[in-house]
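> after the sequence you'll find the predicted model.
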Amino acid sequence: MVPIRTLLSGLLGAAALLIPVHPTTATAPATATATAAEDGRTVDYHGLRLTVPGHWRVVDLDRNPGACLRLDLPTLYLGPAGTQAECTGRAVRSRADTLHLEPLEGAPQRADIPTVRVEVPGAIPEPQSDSNEVRYALRRPGVMATLSYGTTPDAVRGLLAGARTGDSAAPGAPGAPADPASAVTGPKPVRAQEPFTGAGFDACTAPTQRAMDGWRAASPFGAVGIYIGGRARACAQPRLTAGWVRRQAEAGWHLMPLWVGPQPWNNPATGLSADPSRANQEGMEAAEGAVTVARSLGLTEGTVLYNDLESYTDRTTWDPPVVAYLTAWTVRLHELGYRAGAYVAASSGAKALGAHHDQAPEAMPDVLWVAVWNGRASVSDADTGLPAGTHQWAGRRRAHQYLGNHDDTHDGVTLNIDSSWIDIDPAASSGPAPRRPLFS
């Protein structure tokens with residue numbers, strides 16, 4: 001059985017560089033200071049002053065550019081994101097409250113979560129986000145604040161709303177930074193899934209352009225999985241813009257967008273309902289959220305969008321809601337003009353779908369991405385855990401994740417990845433063809 005790819009809370013605790021907290025003020029780069037307080041830490045950043053709870057980490061990204069913007073540990077991140085080379089994992093059982101502050105000028109125009117323009121911190125509205133993340137472009141202090149949360153946004157929203165701007169705060173840009181290619185009409189549609197047979201990888205966060213270019217030239221990989229959203233997503237995606245997607249597609253990468261929605265475990269924030277009727281509704285909601293992000297990223301209709309559903313052992317409890325969830329995901333994606341993929345473990349989700357395949361083949365995911373870490377780069381029936389000689393997902397409709405959570409280095413760049421063998425022709429699936437030209 002493939003282990004659930006959750007982040008362990010202690011992996012990076014020693015590696016993250018924290019702003020020191022002493023009885024007197026301690027200064028760190030990125031114009032940030034932190035002082036001790038009875039109920040937490042008071043931090044000044046670019047004229048913005050706020051107090052975070054004492055159990056939060058405070059991570060200075062200028063001092064540690066490799067730090068991962070993790071969404072499972074309560075943390076205040078300061079400064080523009082760096083390489084995030086320390087990121088591991090893909091899905092988390094528990095999401096935490098986090099806040100990322102960076103200068104408004106130069107902040108990337110992320111497409112995976114909404115950006116709301118506000119004048120000052122006290123005016124921030126209630127977050128509306130399918131991924132439990134939202135960005136606030138704070139004009140007066142000139143700060144971009146990215147907020148993430150677990151079950152409810154109340155605590156971290158209140159923390160940001162209570163921030164104060166000092167007299168030294170200079171007005172920022174007139175609003176959130178805009179991507180010239182998408183500021184008015186949205187991003188130009190891009191086709192990022194030519195038929196592909198070969199090796200692929202996925203990483204917790206979208207790699208830097210330096211990494212993508214180097215790996216394109218020097219690695220055996222031609223496909224890349226990208227986690228575009230969902231409430232169980234493990235890492236922030238500061239580089240995930242429409243421009244990033246277009247550059248990879250133009251370089252010849254086959255993109256595999258992954259939505260990390262509710263999972264087959266018991267958790268109020270990230271868990272799937274064990275009631276099949278509610279799971280059916282959650283599948284439709286996940287499809288709608290994924291399509292919203294896909295369109296923001298410029299991914300054209302007809303693109304295969306994958307639902308990342310992690311492994312489970314209690315099949316009696318979870319098989320019915322998993323099938324309801326993934327078939328609803330598929331049907332709703334087809335209604336919205338996209339194709340459906342499912343990333344599932346061979347020992348659980350793949351068996352559940354296979355057992356019901358012939359009852360409703362039209363509602364089955366168009367592409368099956370099976371995780372079984374047997375080290376064999378193949379999509380054969382045996383290597384994907386499917387019955388010998390099966391017709392299910394035959395004909396270039398399979399991917400096999402055969403090795404997980406390992407470091408690989410190409411052109412001097414090391415990433416923590418999962419490796420897959422892929423044999424996919426989106427046009428071979430039963431999903432909808434694009435309803436408008438692929439390019440405009």
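Perfect, thanks for sending it. Numbering: from 1, shown residues only.
> Leu138 touches Ala123, doesn't it?
No. With contact defined as C-beta atoms under 8 Å, Leu138 does not count as touching Ala123 (9.0 Å). Yep, even glycine has a C-beta here, placed from its N, CA and C like the rest.
> neighbour count for these two, which is higher?
Each of Leu138 and Ala123 has its neighbours counted (other C-beta atoms under 10 Å); Leu138 has more, 28 against 13.
> list the contacts of that one.
By C-beta atoms under 8 Å, 6 or more residues apart in numbering, the contact set of Leu138 is Leu48, Leu104, Val118, Glu119, Val120, Pro121, Met144, Ala145, Gly172.
> make it 7 Å
Residues near Leu138 by C-beta atoms under 7 Å, 6 or more residues apart in numbering: Leu104, Val118, Val120, Pro121, Ala145.
> for Gln401, same thing?
Trp369, Ala371, Asp418, Ser420.
> could you dump those into CSV with pLDDT and secondary structure added?
Converted to CSV, the contacts of Gln401 look like this (pLDDT from 0 to 100; DSSP: H, G, I helix; E, B strand; the rest coil):
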residue, pLDDT, secondary structure
Trp369, 98, strand
Ala371, 98, strand
Asp418, 98, strand
Ser420, 98, strand
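> hmm, back to that, min pLDDT across the contacts of Leu138, which one?
Ranked by pLDDT, the contacts of Leu138 bottom out at Val120 (85).
> mind checking how far the residue nearest to that one when sequence neighbours are not counted is from Gly47?
Spatial nearest neighbour of Val120, chain neighbours left out: Arg140 (4.9 Å); criterion: C-beta to C-beta, 6 or more residues apart in numbering. According to C-beta to C-beta, to the nearest Å, Arg140 stands 9 Å off from Gly47.
> okay, now Val224: neighbour count?
Neighbourhood size, Val224 [other C-beta under 10 Å]: 23.
> so where does it fall, helix or strand?
Assessed by DSSP states H and E, Val224 sits inside strand 221-229.
> just Val59 next, same as before
Using DSSP H and E, Val59 falls within strand 57-60.
> could you say what helices and strands that strand packs with?
strand 75-78 (3 or more C-beta pairs under 7 Å, 6 or more residues apart in numbering; DSSP states H and E).
> do a quick rundown of the helices in this protein.
With DSSP state H as the criterion, the chain has helices at 154-161, 209-218, 242-250, 276-296, 315-335, 349-356.
> show me the contact partners of the first one.
Surrounding helix 154-161, the residues in contact under the criterion C-beta under 7 Å, 6+ apart are Leu50, Val52, Asp97, Leu99, Pro121, Gly122, Ile124, Pro127, Ala145, Leu147, Tyr149.
> so which bits of it are buried?
Neighbour counts using 16 or more other C-beta atoms under 10 Å place Val156, Arg157, Leu159, Leu160, Ala161 of helix 154-161 among the buried residues.
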